[in-house]
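Visitor: got a structure for you, letters missing:
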């Protein structure tokens, strides 16, 4: 279960980058569903860094960590 | 010892493969191909053309433009990730066809970043070895299949650069090279099957590592990105080039792009770009080379006007 505030902020970021509503299902892959493409991923990571005032190190630049709202939320829970 | 770039050369196969030709085969549209890559067409070599054939053509073009005879070279470096044979690599054949029978010729079996690593190596050794010819050649059409995510991207071609300790057009200042082998399976060709690419990982890493290596090398030389006359990057994808420009805070026009016409020619692309750019009466000022590729290997090199 995600932190609801953090989840909402993530949902908003995804929506801004995709230009479409984020999926209701937090587990849904943003890339396999076609909502985001590979070039949106660097934007998404940059937006997360800015929004949550964190630095994602290169060693954490693994697409699986940012594949869904649930996974991004889990990453943030671990690193904030 | 100071090193200089004296000139560049290139070879592109005659056959133009437009998006429309690929679109039908791959069940995609030409518009989709261009939107995800910026590529409108690429060149594919004839079936009988080898990596060495293209490397020799680019080498001869470079030597002619630099006014240097092959038999005066101190070393030959040939980068390729798509050579058909494991060993000997194409360097031996290229040397033989340039009529070199004792000049050391080494292979850099590195896709994409091979030409950058070759330039950086040449910069270090030209003081002791004499003129070094760096060649990068790729026949990517031979190692792709019908996976739309890769088949749309790649083209064939070769580029070359002459590096010398003799004063020349561009003085090479500094290079930053890096490798992180934990991603070695994310972009790979095992010599038999088609190349495999995890596009998400490649783009995510490249989008950060290219700008960071450029910033690293420029910072060491106290040069700002805004002072740079041109960025000559590995031509992977127009969207990536645009993103790099944005990350560096420079106008997209500062990043030379010909990926629209040639596709991604892997290690050859940076030198093909340099060759075309050098013929456009470029404005003086710092020049930055940068590449990222399978390995992952990446880095950047900066040069300034030499005279």
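Guide: All right, it came through fine. The model shown is predicted, which means the values in this text are computed figures rather than measured ones.

Visitor: in the chain, which spans are helices?
Guide: No chain was given, so I picked chain A. Secondary structure of chain A (DSSP state H): helices located at A:4-18, A:40-52, A:69-79.

Visitor: correction: the question concerned chain B.
Guide: For chain B, the helices defined by DSSP H occupy B:19-26, B:30-37, B:51-66, B:90-97, B:114-129, B:148-151, B:199-220, B:238-248, B:259-262, B:268-278.

Visitor: which parts of chain B sit against chain A?
Guide: Within chain B, the positions adjacent to chain A are B:36, B:180, B:198-205, B:207-209, B:212, B:239-240, B:243 by C-beta under 8 Å from any C-beta of the partner chain. Using the backbone N, CA and C atoms, a C-beta is placed for each residue, glycine as well.

Visitor: from the residues you listed, which would you call buried?
Guide: B:36, B:198-205, B:207-209, B:239-240, B:243 (16 or more other C-beta atoms under 10 Å in any protein chain shown).

Visitor: okay, among these, which ones form the most distant pair?
Guide: Across these, the longest distance by C-beta to C-beta is 20.9 Å; it joins B:36 and B:209.

Visitor: looking at the stretch 1-150 of chain B, which residue is nearest chain A?
Guide: Chain A sits closest to residue B:36 of the stretch 1-150 of chain B, with a gap of 6.9 Å, by C-beta to the nearest C-beta.

Visitor: got any ranges where the chain has weak pLDDT?
Guide: You didn't say which chain, so I picked chain A. Applying pLDDT under 70 to chain A flags residues A:1-3.

Visitor: can you look at chain B instead?
Guide: For chain B (pLDDT under 70), the answer is B:307.

Visitor: what's the burial count for residue B:1?
Guide: For residue B:1, the neighbour count with other C-beta atoms under 10 Å in any protein chain shown is 9.

Visitor: what about it, distance to residue B:130?
Guide: Counting by C-beta to C-beta, to the nearest Å, the separation of residue B:1 from residue B:130 is 11 Å.

Visitor: with residue B:109 instead?
Guide: Remark: distance between residue B:109 and residue B:130 (C-beta to C-beta) = 24 Å.

Visitor: who's more crowded, those two?
Guide: Counted by other C-beta under 10 Å, residue B:109 and residue B:130 do not tie: residue B:109 has more neighbours, with 19 against 16.

Visitor: you'd agree that one is up against residue B:89?
Guide: Yes. Contact criterion C-beta atoms under 8 Å: residue B:109 and residue B:89 qualify, at 6.2 Å.

Visitor: joint contacts of these two?
Guide: Taking C-beta atoms under 8 Å, 6 or more residues apart in numbering or on different chains as the contact rule, residue B:109 and residue B:89 both touch B:80, B:83.

Visitor: if we can go back for a sec, give me the common contacts of residue B:1 and residue B:130.
Guide: Common neighbours of residue B:1 and residue B:130, counting by C-beta under 8 Å, 6+ apart, are residue B:165.

Visitor: pull up the residues of chain A that are close to chain B.
Guide: A:31, A:37-39, A:41-42, A:45, A:58, A:61-63.

Visitor: spatially central residue for chain B, please.
Guide: residue B:270 (3.2 Å; C-alpha atoms, centre = their mean).

Visitor: domains in chain B, as residue ranges please.
Guide: Per automatic domain parsing, the domain ranges recorded for chain B read B:3-164, B:170-305.

Visitor: that older thread, just the buried subset of the residues of chain A next to chain B, please.
Guide: The neighbour count (16+ other C-beta under 10 Å) marks A:31, A:37-39, A:41-42, A:45, A:61-63 as buried among the residues of chain A next to chain B.

Visitor: can you list contacts of stretch B:276-291?
Guide: B:7-8, B:10, B:112-113, B:115-116, B:119, B:169-170, B:210, B:213-214, B:217-218, B:221, B:223, B:227-234, B:244, B:256, B:258, B:267, B:270, B:274, B:297-305.

Visitor: mind listing what's buried along it?
Guide: By neighbour count on 16+ other C-beta under 10 Å, the buried set for stretch B:276-291 is B:276-278, B:282, B:286-291.

Visitor: ok, stretch B:49-67 next?
Guide: Using 16+ other C-beta under 10 Å as the test for burial, stretch B:49-67 gives B:49-63, B:65-66.

Visitor: of the helices of chain B, which is nearest residue A:25?
Guide: The nearest among the helices of chain B, by C-beta to C-beta, is helix B:199-220 at 19.8 Å.

Visitor: how far does that closest one sit from its chain's centre?
Guide: Its chain's average C-alpha position is 16 Å from that of helix B:199-220, according to C-alpha atoms, centre = their mean, to the nearest Å.

Visitor: what do you get for stretch A:32-44?
Guide: A distance of 10 Å separates the centroid of the chain from that of stretch A:32-44, by C-alpha atoms, centre = their mean.

Visitor: contacts for that stretch?
Guide: Residues outside stretch A:32-44 that contact it (C-beta under 8 Å, 6+ apart): A:13-14, A:17-18, A:20, A:22-23, A:30-31, A:63, A:66-67, B:36, B:199-200, B:202-204, B:207-208, B:239-240, B:243.

Visitor: if we can go back for a sec, buried ones only from the contacts of stretch B:276-291, please, as a PyMOL command.
Guide: Here is the PyMOL command that selects only those of these that count as buried (16+ other C-beta under 10 Å):
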select buried, chain B and resi 7+8+10+112+113+115+116+119+169+170+210+213+214+217+218+223+228+230+231+232+233+234+244+256+258+267+270+274+297+298+299+300+301+302+303+304
